Structures are given as C-alpha cells and as structure tokens.
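> Predicted model follows, preceded by the sequence.
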Amino acid sequence: MATLPKAPQTLKGVHILSLSLNLPGPAALLRLRRMGARCVKLEPPAPANAPAGVTGDPMCAYSRPAYDALHPGIRVRSVDLKTDAGQKVLQRELAKTDVLLTSFRPGALKKLGLDWVSLHRVFPALSLVMIVGAPGARAEAPGHDLTYLAQNGLVTGLDLPATLYADMAGALMTVEAVLQAVLLQNSTGKGRLFEVALSEAAAHLALPRRWGLTLPGTAIGGGHAGYRLYPCRDGRVAMAALEPHFAKSLCAVAGLTWSTPAMMMEPTTQQAIAGFVAHRNCSELEQLALENDIPLHTLPN
C-alpha cells in the first residue's frame, strides 16, 4: 500500500488556543494541528474524586481511547479559569494566539470575560470561533448531538445513530471557520467572530433528506433495487449499484435481462436480486463484485 503524502503545513506559524471540551472542538483542533498549526488546549482541573489519569475534559471519562486519539501533538494544560492564577495563564496565552476556540454557552463566556466585545477590545487581531448548540438567541438552550439529529429528522425508530454525526460535522465546520479567520486576518490584520452551531451542522447533513433524495421509496431511499441493504447467507450486503452501468452489471450476474433503468424501481427486480443475494455468502459476493465492477460492501455476521 502506497504511503500517503504528508499533509501540507498550511497553518504553520498559526497559534490556536482551545478551551473547547468533549468532541467537536478537540476533533477540529486535531485536524488543525495536522495542518501545521501550533495548538494549545486549556482544560479545567479534574474533579476531586476522579480516578488517576482522568483529566478535566469529560471525554477522558467517557472514553480514554477517544481522548488519547484526539490529542497527539496538542499541548494540554490544566487551568482553573475561575481563579486569578488561571486568568493570568489565559491572558498570557491569548496574547500570542491567532484564533481562540470555545464551546461554552455565550453566558458562560461573558462571565469569563471572553465575550466577543470584551475580547476584541483587548486583542483586536484575535479571532474567536464559538462552537454552540444552536445559533443566535437559542445558543443558551441545552442540547446534544442526539437532540440536534432528532430535530432534523435524522433519528428513526429507537436505535441510536451509529456515530456522533452533528459533533463531527461541527468539527469540520469549525476547521472551515478557522481557515476563514486566518485568511481574513492575513488580508485585514483584524480578528473576526465566527459561530459554529451543531444544530446547523446536523441541518446540513439532513439536506439530502429535506430535498427528498433519501425519503422512503425514492431511488436512494430503498426504492432502487441496486441501492439497498440485503441479507445474505452469512451477513448483510450494502449494495450501491445505482448508476445504470453498475445496475446493468448487477442484473447480469443475478440472471436478469436488462431493459431500461426504470426496471430497477420495480418490486419484481428487487425480489429477484434479494433472492440472488440470499443464497450467497459474503466472500462469493465480494468476488462477483470484483469481477463485474459492482459497488458493494459485505457485513459478515
């Protein structure tokens, strides 16, 4: 397997300070570090009754492996921002920072003297990227990844989503905001305020559904016989033969006579492909896909 080239150090020389905890901010900081930024994170002290090795970031208690994976190359310091000593550390860091990342509600930022008006007055060249739950006046309302996905129609049934979609999409939007901030700083010399709302990250992910692309019965919503999940002899198959040339190959190996792309929306085609897949195991289907250029992925039991 070829070694991927090292990511361009686009942000070399840029200093980013993060006060953001849990997942979106640290996930963004990790990507920014890989772009060459110098990244510092200030965490609150660990709770008094915390086990040894647990830090003040709740993610460390939820999942130590996840916490460790998020922080290579990040200089982490434990600082109590509610104390005079902690504030002194914060001010020293801010004086050499280009972009500040936060994930506090606006009210909490104001109590710490980190609201945009106060911050911009003291550090006019500093940009602030605020990660919040919801935009504008709704930023004080409590919420989490699950609630933002639910608000946008991305939670079905009683199963939890497979991953933290809003948080990770929010991390990417945070990186985008930092890049915008740096570009503007380079051209104007002034800092800018950016707000990244996790509810809007979820709304962005939900756009295909809102447009009707993934609604039940549509081509990408299960109506197309070549774009579905099928049970096979020893697992499941994620079939993605959507384009006509892929669908035609799928029909050929399944013993179906190709007519027009419209046949892929017919229940009889779906039934025939379901029967074909059901009598084969994952390895057989993977081999057929390789030989006939069919996009699929097997999920063995």
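Arrived safely, thanks for sending. For clarity, every value in this text was computed on a predicted model and none was experimentally measured. Numbers count the residues shown, from 1 in each chain.
> Could you use CA atoms for every contact and neighbour count after this?
Fine.
> can you pull out the helices in the chain?
Using DSSP state H, the helices of the chain run over 24-34, 58-62, 64-70, 84-94, 106-111, 116-122, 145-151, 165-188, 198-205, 207-210, 244-253, 267-278, 282-292.
> could these be laid out in JSON lines, adding mean neighbour count?
Formatted as JSON lines, the helices of the chain follow (neighbours: other C-alpha atoms under 10 Å):
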{"stretch": "helix 24-34", "mean neighbour count": "23"}
{"stretch": "helix 58-62", "mean neighbour count": "17"}
{"stretch": "helix 64-70", "mean neighbour count": "15"}
{"stretch": "helix 84-94", "mean neighbour count": "14"}
{"stretch": "helix 106-111", "mean neighbour count": "14"}
{"stretch": "helix 116-122", "mean neighbour count": "15"}
{"stretch": "helix 145-151", "mean neighbour count": "19"}
{"stretch": "helix 165-188", "mean neighbour count": "20"}
{"stretch": "helix 198-205", "mean neighbour count": "23"}
{"stretch": "helix 207-210", "mean neighbour count": "14"}
{"stretch": "helix 244-253", "mean neighbour count": "18"}
{"stretch": "helix 267-278", "mean neighbour count": "17"}
{"stretch": "helix 282-292", "mean neighbour count": "15"}
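> Switch those over to CSV; also include mean pLDDT.
Output for the helices of the chain, formatted as CSV (pLDDT from 0 to 100):
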stretch, mean pLDDT
helix 24-34, 97
helix 58-62, 91
helix 64-70, 95
helix 84-94, 96
helix 106-111, 93
helix 116-122, 96
helix 145-151, 96
helix 165-188, 97
helix 198-205, 97
helix 207-210, 95
helix 244-253, 97
helix 267-278, 97
helix 282-292, 97
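> With residue 52 as the reference, name the closest of those helices.
Among the helices of the chain, the nearest to residue 52 by C-alpha to C-alpha is helix 58-62 (10.7 Å).
> can you give me how far that closest one is from the chain middle?
Averaged C-alpha coordinates place helix 58-62 at 18 Å from its chain's average position (C-alpha atoms, centre = their mean, to the nearest Å).
> What helices and strands are in contact with that helix?
Judged by 3 or more C-alpha pairs under 8 Å, 6 or more residues apart in numbering; DSSP states H and E, helix 58-62 is in contact with helix 64-70.
> which helices and strands does the helix it packs on pack with?
In this structure, helix 64-70 makes packing contacts with helix 24-34, helix 58-62, judged by 3+ C-alpha pairs under 8 Å, 6+ apart.
> mind redoing it with 7 Å?
Packing partners of helix 64-70 (3 or more C-alpha pairs under 7 Å, 6 or more residues apart in numbering; DSSP states H and E): helix 24-34.
> Could you check the angle the helix it packs on makes with helix 165-188?
Going by axes from the mean of the first three to the mean of the last three C-alpha atoms, to 10 degrees, helix 24-34 is angled at 50 degrees with respect to helix 165-188.
> Give me the contact list for helix 24-34.
If you take C-alpha atoms under 7 Å, 6 or more residues apart in numbering as the criterion, helix 24-34 is touched by 7, 20, 39, 70-71, 73, 167-168, 170-172, 174-175.
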